[in-house]
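Peer 1: any chance you can model this:
(one chain, ligands or ions: 1)
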Amino acid sequence: MSDAFEQALAHARQTEALAQISGRLGWDQQTVMPRGANAQRSEEMAALEAVLHARRTDQRYGEWLDKAAPSDPAHRAMLREMRRDWARNTKVPARLAAELARVTPLSQTAWEEARLAGDVAAFLPWLKQMLGLRREEGHAIADGGDPYDALMQDYEPGTDSDDIAAMFARMRPRLVALREAVLGADTPAPLTGHFAQDGQLRLSRRLAEHMGYDFTRGRIDLAVHPFSSGSGDDVRITTRVAVDDPFNCLYSTLHEVGHAAYEQGVDAAYALTPIGRGVSMGVHESQSRIYENQLGRSRAFTAWLYQAMGQEFGPLSVADADAFYAAVNRVTKGYIRTEADEVQYNLHIMLRFDLERALVRGQLQADDLEEAWNTRFAQDFGYPVDRPADGVLQDVHWAVGLFGYFPTYALGNVYAGCLFAAMQADLPQLQGQLEAGDSSAATGWLRARLQRFGALREPVETITHACGTAPSEEPLLAYLEQKFAALYDL
Ligand code: ZN
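Peer 2: All right, here's what the predicted structure looks like:
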């Protein structure tokens, strides 16, 4: 190990420790912080952010990164991550970074109000401002390249939006056809009833334990929006409860447990280093999705969940485990991405991807966004958007400048499809184990094949290494077509 590398890594580790503290302040703000502390908290966060920015763009750090020449593969991966972050952070002018930090929370508040009022026009000035700032940032990072592709690298390093567009073009007709066939068939009965908060939270903890979440290095709390945060030995998740819709709580928990399992599963030797975390948003989402969907919404796992729910809540409104499985996987018409089932979810993403790419590239104007959204929604879903809160105002992402983030959700689904196909080939007993309430083979497979490596390999290499083949959308599409053909008698 060269001296310059050791110095750079020591610097990066300390920066990461401070970043973890910043993340924990964010967790605190959304869970237990007293409401009156808002203004003070934003000053605390801004002070910490200034320290982080100074450390990330420190000239000495840049010099160490220039001189570093490690030979160990893990150290070379750490250097790759440090150099990428350094290049990105030093290309963005300080004025622009400060302006983004100042405008983003204001824009988020404006979006919340506009969404409640159904007032797209009130949100447009903020959208234009955020879009302008992020386009400027994209151009600054891109060095003459495509600004949208440059922004995507923040979430999914190594992606090319033309490849994503081509993949989505292959997926879209098959998903639209599956969606039409499923909606043309009889809809199974939903699970109805009253499910007390205590029982839902008890069952959530059981589910999390069942899936290997380590409560000695994590905890579950309530928050408005479920999320996971932290890395290594402190990875926390949140969930939410609706007393008439227990699947909301249970499947949000499973989703966040997937994210948390990835962070908890990274090799302890990488803790707080640049590879001691999930490698990208898409690979992260593959973990949350495989826990939530391919495992959690399987016939085998729902058989276990059916009896666990019966123990907790008494007799259920559905007749048996088959009807329960159908209720879990019910496909209905809707507008909201976060509530979408496995069949329709990716169609929501494709719509957003095309629109945001056109916005960032200047091919679509913010003033025309609502009309473009409504036209495309009617095309893909077959019915019109009923109100802005169910349409162009439904997601927070654009309000806070997260252009380029949406495709990582669909990539996560695609990667989960690849991983599940490889897992099933390796674990012929998987269905029987899940049915008996044993998820350890599945979660152990994910840990051994993917989670423990953190960001050692680039995202696509991470999936390729875990599966033994390069990622493709085919396993996901085949899985969806088989699963829903059987469920809906297609
Ligand atoms: Zn997620």
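
Peer 1: every contact and neighbour count from this point should use C-alpha atoms.
Peer 2: OK.

Peer 1: tell me how this protein divides into domains.
Peer 2: 3-145, 161-487 (automatic domain parsing).

Peer 1: now do the end-to-end distance for the last one.
Peer 2: Taking CA to CA, to the nearest Å as the measure, domain 161-487 stretches 34 Å from start to finish.

Peer 1: what's the answer for stretch 216-225, then?
Peer 2: Taking CA to CA, stretch 216-225 runs 23 Å from one end to the other.

Peer 1: surely Glu481 touches Leu178?
Peer 2: Yes - with contacts counted by CA atoms under 8 Å, Glu481 reaches Leu178, the gap being 6.9 Å.

Peer 1: could you dump the domains of the chain into CSV with distance to Gln153 and mean neighbour count added?
Peer 2: Shown next, in CSV, are the domains of the chain (distance: least, CA to CA, whole Å; neighbours: other CA atoms under 10 Å):
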stretch, distance to Gln153, mean neighbour count
domain 3-145, 10, 16
domain 161-487, 8, 19
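
Peer 1: tabulate the ones you listed (TSV), appending distance to Met152.
Peer 2: Compiled in TSV, the domains of the chain are given as follows (distance: least, CA to CA, whole Å):
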stretch	distance to Met152
domain 3-145	9
domain 161-487	5
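
Peer 1: do you know the pLDDT at Val283?
Peer 2: Looking at Val283, its pLDDT stands at 98.

Peer 1: pLDDT of the helix or strand containing Asn346, averaged?
Peer 2: Asn346 belongs to helix 345-360 when elements are defined using DSSP states H and E. The average pLDDT within helix 345-360 is 98.

Peer 1: what do you get for stretch 61-78?
Peer 2: 97.

Peer 1: show the backbone phi and psi for Ile164.
Peer 2: Backbone torsions for Ile164, taken as degrees, to the nearest 10, come to phi -60, psi -50.

Peer 1: so who does it touch?
Peer 2: Pro407 (CA atoms under 8 Å, 6 or more residues apart in numbering).

Peer 1: what's the separation between it and Ala436?
Peer 2: According to CA to CA, Ile164 stands 39 Å off from Ala436.

Peer 1: now Gly467. Its backbone dihedrals?
Peer 2: Heads up, residue 467 is Cys, not Gly. Main-chain torsions, Cys467, degrees, to the nearest 10: phi -90, psi -20.

Peer 1: look up the closest residue to it, ignoring the ones flanking it.
Peer 2: Ala422 (5.4 Å; CA to CA, 6 or more residues apart in numbering).

Peer 1: just the pLDDT at the one you found, thanks.
Peer 2: Here, the pLDDT recorded for Ala422 equals 98.

Peer 1: and for Ala436?
Peer 2: 89.

Peer 1: that one against Trp304, yeah?
Peer 2: Yes - the pair Ala436 / Trp304 is scored as a contact, 6.7 Å apart, by CA under 8 Å.

Peer 1: now the helix or strand harbouring Phe324: mean pLDDT?
Peer 2: Using DSSP H and E, Phe324 maps to helix 321-328. Averaged across helix 321-328, the pLDDT comes to 98.

Peer 1: may I have it as CSV, with CA atoms only?
Peer 2: This file holds the C-alpha atoms of helix 321-328, laid out as CSV (Å, rounded to 0.1, in the frame of the first residue of the first chain):
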residue,chain,number,x,y,z
ALA,A,321,-53.6,-19.8,1.4
ASP,A,322,-54.3,-19.7,-2.4
ALA,A,323,-56.8,-16.9,-2.0
PHE,A,324,-54.3,-15.1,0.2
TYR,A,325,-51.6,-15.5,-2.4
ALA,A,326,-54.0,-14.0,-5.0
ALA,A,327,-54.9,-11.1,-2.7
VAL,A,328,-51.2,-10.3,-2.1
